[in-house]
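# no FASTA, just this:
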């Protein structure tokens, strides 16, 4: 009896306020899907970060020809004794992961260059193998702290052309992702504020539309709970539908957009279904909390007994 | 049943209190007319009984309960023991006679079986047999007021408050309304009726309480509308 009565009242309320209800559902859906996208971004960046944490390295490029300039112009092509000295120096003075020092010969480097640039055959054709520098690939125990001292120490050592820190390249990528995430989250927050106001307005309108019913309910002694429950359920149902739509959108975002990002940048950016489900659950809690608490607070103001 | 002890009710921004030092008792199953010009405090008196207003000073007991000590969440329970009828009927236009009356029971969570049993009984009591599926706009004013009385009485309240129930109804139909109120009163329900209708008060010969400027100026058993000293 009770449940049937409440749902009948809810149905009447939703139908009478159809345009408001639809607006509410759309705003909740969009704000939740943006929030979810932001959260997926956060996860993506986290995944990529932990993937790269163990892989970033420092590349110490050696002189392949005097034409490169810098110290190479003075000393010419690196000699095998210089290579041995550099190896000694790196191992002796810096905190390197065991087995984290590898030497890449010019031949190996050229092979890699060729495969990476396979889409640009002209470049490969006019780049002589002797132009590609050999290098030491260094994996430091503490990349963040030690990368700069190492590159400073190596600067100017005979035979060393220049030092490249992978993490500076990655930092730019992270900044890009962080920026995109922040933008999405900020927009989501603005929309959530709009959603809160819309919920309040919809419930107010609904209460006004049914003031006859509620005044009679109060008169015959219906409890606060009974008078307010249909409105509360109304807000929650709108929130729930909004969340369902947002869930659909998020699955689309994940399968179309983020997955295609992975094909362009396939390094540690995979998002598992578990990540997606977690975000969807966070979304549900946010949506129901916002709609429920706003309805409740609005009712306390506008439906006093 | 209703006990006012030196009750004063003053609204903000108004010089004279709406009720001033009112002390009176209404016993169980009494029938009381509340008369007096507009603004004399009749409606305030009724609203105080329902705890829609709080008195500025003084004590009110209704059905054995001290209203000042009644917590907010218990107010609905008080109102379930009081039925209300108004000049403007206050029916729900999109519900039938039966649905309007059943609504009062649905919203206090009565079981469906109970509702199916008592609603037809009360429809018979107010004399609306065969009209249970009519909509309010298909009924005359008198019939609508009967629906309102049925709704007020369906939960068998201890007290029935009627605020000018015949105010929108012609004199001939009013007699029928009064008969229903009398019938309700005979079941043991206390009836308090605020009215301007002199003919009705004079014909019923019940207790009359007259208010003027918020004060009780007359309290007479078997009284009439006009001054009768």
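Looks like it arrived, so ask away. All figures in this text were calculated on a predicted structure; none of them were measured in a lab.

# neighbouring contacts of stretch A:25-37?
The contact list for stretch A:25-37 (Cβ atoms under 8 Å, 6 or more residues apart in numbering or on different chains) reads A:184-185, A:187-189, A:191-192, A:194-195, A:198, A:238-239, A:241-243, A:245-246, A:249-250, A:253, A:279-280, A:282-283, A:286-287, A:290-291. Where C-beta positions appear, they are placed from N, C-alpha and C, glycine not excepted.

# In helices only, show me those residues.
Among the contacts of stretch A:25-37, DSSP state H puts A:184-185, A:187-189, A:191-192, A:194-195, A:198, A:238-239, A:241-243, A:245-246, A:249-250, A:279-280, A:282-283, A:286-287, A:290-291 in helices.

# Out of those residues, which end up buried?
Buried members of these, counted by 16 or more other Cβ atoms under 10 Å in any protein chain shown: A:184-185, A:187-188, A:191-192, A:195, A:198, A:238-239, A:241-243, A:245-246, A:249-250, A:279-280, A:283, A:286-287, A:290-291.

# In chain A, which residue sits nearest chain B?
residue A:221 (3.5 Å; Cβ to the nearest Cβ).

# Any figure for the gap between that residue and residue B:139?
From residue A:221 across to residue B:139, the span is 25 Å (Cβ to Cβ, to the nearest Å).

# Which one's more surrounded, those two?
Each of residue A:221 and residue B:139 has its neighbours counted (other Cβ atoms under 10 Å in any protein chain shown); residue A:221 has more, 23 against 18.

# Isn't that one up against residue B:74?
No. In this structure residue A:221 lies outside contact range of residue B:74 using Cβ atoms under 8 Å: 10.3 Å.

# Which secondary structure state is assigned to the residue positioned nearest the centre of chain B?
Centrality entry for chain B: nearest residue to the mean C-alpha point is residue B:161, 1.3 Å, by Cα atoms, centre = their mean. Following DSSP: H, G, I helix; E, B strand; the rest coil, residue B:161 is assigned to strand.

# can you list the residues of chain B near chain A?
B:50, B:72-73, B:75-84, B:90, B:92, B:103-104, B:106-112, B:151-152, B:155 (Cβ under 8 Å from any Cβ of the partner chain).

# if I pick the residue nearest to the centre of chain B, what's in contact with it?
B:46, B:49, B:50, B:82, B:83, B:84, B:85, B:192, B:193.

# Beta-bridge partners for it, please?
For residue B:161, the beta-bridge partners are residue B:84, residue B:192 (DSSP bridges).

# Can you give me the pLDDT of it?
Residue B:161 carries a pLDDT value of 96.

# and if you look at residue B:217?
Predicted confidence (pLDDT) for residue B:217: 91.

# got it, and residue A:221?
90.

# SS state for it?
Residue A:221 falls in the coil class when you classify it by three-state DSSP.

# Show the backbone phi and psi for it.
Dihedral angles phi and psi of residue A:221 (degrees, to the nearest 10) take the values phi 90, psi 30.

# any idea which element residue A:100 lies in?
Assigned by DSSP states H and E, residue A:100 falls within strand A:96-104.

# Kindly provide the distance from the spatially most central residue of chain A to residue A:254.
The centre of chain A sits closest to residue A:41, judged by Cα atoms, centre = their mean, with a distance of 1.5 Å. According to Cβ to Cβ, residue A:41 stands 11 Å off from residue A:254.

# Then residue A:104?
For residue A:104, the distance to residue A:254 - Cβ to Cβ - is 37 Å.

# Report the contact partners of residue B:158.
B:1, B:28, B:63, B:81, B:82, B:189, B:190.

# Of all pairs in those residues, which one spans the longest distance?
B:28 and B:82 (13.4 Å; Cβ to Cβ).

# Looking at those two now, which is surrounded by more residues?
The neighbour count for residue B:28 versus residue B:82, taken as other Cβ under 10 Å, is higher for residue B:82 (26 against 12).

# rewinding a little: show me which pair in the contacts of residue B:161 is furthest apart.
B:50 and B:193 (14.9 Å).

# okay, the two: which has more neighbours?
Using other Cβ under 10 Å, the more surrounded residue of residue B:50 and residue B:193 is residue B:193, with 27 against 19.

# which residues of the chain score low on pLDDT?
If you meant another chain, say so; for now it's chain A. A:1-2, A:53-54, A:66-71, A:74-75, A:258, A:261-270, A:303-305 (pLDDT under 70).

# Sorry, I should have been clearer: chain B.
Looking at chain B by pLDDT under 70, you get B:227-229.

# for the biggest helix by length in chain B, the distance to its chain's centre please.
Taking DSSP H as the criterion, chain B has its longest helix at helix B:171-186. Relative to its chain's centre, helix B:171-186 lies at 13 Å (Cα atoms, centre = their mean, to the nearest Å).

# tell me what it is packed against?
Contact here means 3 or more Cβ pairs under 8 Å, 6 or more residues apart in numbering or on different chains; DSSP states H and E; on that basis helix B:171-186 packs against strand B:31-35, helix B:112-125, helix B:141-153, strand B:159-163, strand B:190-194, helix B:198-204.

# which one of the contacts of residue B:158 has the most neighbours?
Neighbour max across these (other Cβ under 10 Å) = residue B:82, 26 neighbours.

# Please pick out the residue of chain A most distant from its centre.
Distance-from-mean max, chain A, by Cα atoms, centre = their mean: residue A:220 at 54.6 Å.

# Relative to residue B:105, how far out is that one?
Separation of residue A:220 from residue B:105 (Cβ to Cβ) stands at 8 Å.

# Give the residues shared as contacts by those two.
The contact lists of residue A:220 and residue B:105 share residue B:155, where a contact means Cβ under 8 Å, 6+ apart.

# Residue B:194 is in contact with residue B:32, correct?
No. Look at residue B:32 against residue B:194 with Cβ under 8 Å: they stay out of range, at 9.6 Å.

# In terms of neighbours, single out the busier of those two.
Counted by other Cβ under 10 Å, residue B:32 and residue B:194 do not tie: residue B:194 has more neighbours, with 24 against 21.

# give the contact list for that one.
Contacts of residue B:194 by Cβ under 8 Å, 6+ apart are B:33, B:34, B:35, B:42, B:43, B:45, B:46, B:162, B:163, B:164.
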